[in-house]
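Participant: The sequence isn't on hand, but the structure is:
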Ligand code: CAA
């Protein structure tokens, strides 16, 4: 029996800004954002579209009625939690209509949370092969207007259904984990935005990747030739490439070109969306599978997960025979094409228009699963 990703999809909010517009507004050379950071567009949300809105849409893309009767665990990974106590997955469970005898909980460790959820799900299904687990990584990545991190913001969710005998990617038992107690990016309770040591975060990301890669080689005996592609956590698309280049030095030109070509395929969606925090690695995986020109069933894909603070994990999966029809490239392309481009003024207005849950009220955002009402701090979501 194999266990892994049976279905996978993402959702992003209906607005975006162009990074050239942002560069002009911030008096920066646009090439810094497009080439230096590697971002072309950035997803933007209204205050009525939160992590539950994104998670519900992403999950709806992949679940059938039968799945709703079979799922027995709902996991939300996020670092944009909306409650210090109650898990977003409990609300998600209701909005999706999942059968009641399920466990639901939320996971936190910066951008690593989605991987923690995935690995929990894999272990659960390995013990209970008839179970299905829904894992949703959902976030709003915000650093503040005019901050150094501003061009690396984004918003959205990735949903994955984990089952026995999955139809897309079976997960292997070769995980290498690494924990290091550092402060490169953190958000103390009460802070709207994270505190970031940008250079330290870049350096720690690259070092962590080198460490887990070397340990993977030592422990599992794999070399680059064993992987048809590597997918990375993508806080901005240049980041994964910097880490990748650090292990390519001694490879032949052909090997470098092969693995870098797959990397470009893995960042196509992120270039237009930005950072999804917990979902970024999995957005990269979707992008790779949906843009790949040379992947085929049986290929091994390596995945590097990084969560500031810092926890990293490198693991791999094999593409399953006949996986192609289970991808949702058309849905994802349409989602990106239908978005509305905002001016920088409109983006700044949305950014500053914060949801105040201490004031009761209703909202006129008529999009599905947006927040319709706040009563006694409780959010209601539009279900029709
Ligand atoms: N043309 C082309 N390139 C240009 C350029 C131009 N005109 N101007 C500058 N650049 C290049 C720079 O040379 C630099 O390239 P290298 O990194 O290859 O040297 C790149 O653009 C960025 O320039 P700076 O380093 O000067 O950028 P910055 O100081 O404004 O900040 C940042 C960059 C640190 C990534 C900042 O955006 C940030 O703090 N982001 C948030 C933190 C982050 O994403 N860290 C990543 C690792 S942590 C993580 O992965 C977890 C997570 O999700 C947050």
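Facilitator: Alright, I've got the coordinates. This is a predicted model, so every value here is computed, not measured. Numbering: from 1, shown residues only.
Participant: helix, strand or coil for residue 318?
Facilitator: With DSSP: H, G, I helix; E, B strand; the rest coil as the basis, residue 318 sits in strand.
Participant: Now do the same contact list for it.
Facilitator: Residue 318 makes contact with 169-170, 172, 298-301, according to Cβ atoms under 8 Å, 6 or more residues apart in numbering. (Glycine included, C-beta is placed from N, CA and C.)
Participant: beta partners for it?
Facilitator: Judged by DSSP bridges, the bridge partners of residue 318 are residue 170, residue 300.
Participant: count of neighbours near residue 14?
Facilitator: Each residue near residue 14 was counted by other Cβ atoms under 10 Å, and the total is 16.
Participant: Next one: it, what pLDDT does it get?
Facilitator: Here the pLDDT value assigned to residue 14 is 98.
Participant: distance of it from the ligand?
Facilitator: Remark: distance between residue 14 and the ligand (Cβ to the nearest ligand atom, to the nearest Å) = 23 Å.
Participant: correct me, but that residue touches residue 338?
Facilitator: Yes. Between residue 14 and residue 338 there is a contact under Cβ atoms under 8 Å: 7.0 Å.
Participant: Any residues of the stretch 51-200 of the chain in contact with the ligand? List them.
Facilitator: Contacts of the stretch 51-200 of the chain with the ligand, taken as Cβ under 6 Å from any ligand atom, map to 111, 148-149, 151-152, 185, 196, 198.
Participant: can you redo those as JSON lines with pLDDT and secondary structure?
Facilitator: Shown next, in JSON lines, are these (pLDDT from 0 to 100; DSSP: H, G, I helix; E, B strand; the rest coil):
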{"residue": "111", "pLDDT": "98", "secondary structure": "strand"}
{"residue": "148", "pLDDT": "97", "secondary structure": "coil"}
{"residue": "149", "pLDDT": "98", "secondary structure": "coil"}
{"residue": "151", "pLDDT": "98", "secondary structure": "helix"}
{"residue": "152", "pLDDT": "98", "secondary structure": "helix"}
{"residue": "185", "pLDDT": "98", "secondary structure": "strand"}
{"residue": "196", "pLDDT": "98", "secondary structure": "strand"}
{"residue": "198", "pLDDT": "97", "secondary structure": "helix"}
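Participant: Just the buried subset of the residues you listed, please.
Facilitator: Listed as buried from those are 111, 149, 151-152, 185, 196; burial here means 16 or more other Cβ atoms under 10 Å.
Participant: So which residues of the stretch 251-384 of the chain form helices?
Facilitator: Counting by DSSP state H, counting those that start in this stretch, the segments of the stretch 251-384 of the chain that form helices are 253-266, 268-273, 280-291, 329-337, 344-352.
Participant: Save those helices as JSON lines, and put in distance to the ligand too.
Facilitator: As requested, the helices of the stretch 251-384 of the chain are exported to JSON lines (distance: least, Cβ to the nearest ligand atom, whole Å):
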{"stretch": "helix 253-266", "distance to the ligand": "15"}
{"stretch": "helix 268-273", "distance to the ligand": "11"}
{"stretch": "helix 280-291", "distance to the ligand": "6"}
{"stretch": "helix 329-337", "distance to the ligand": "21"}
{"stretch": "helix 344-352", "distance to the ligand": "16"}
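Participant: if you compare those, which one is most tucked away?
Facilitator: Ranked by mean neighbour count, those are led by helix 280-291 with a mean of 26 (mean count of other Cβ atoms under 10 Å).
Participant: the inter-axis angle of it versus helix 253-266?
Facilitator: Interaxial angle of helix 280-291 relative to helix 253-266 (axes from the mean of the first three to the mean of the last three Cα atoms, to 10 degrees): 100 degrees.
Participant: what sits up against helix 280-291?
Facilitator: Contact with helix 280-291 is made by 8-10, 111, 114-115, 137, 156, 158, 160, 168-169, 229, 231-235, 240, 262, 265-270, 273, 276, 295, 301, 303-305, 319, 323, 327-329, 332, as judged by Cβ under 8 Å, 6+ apart.
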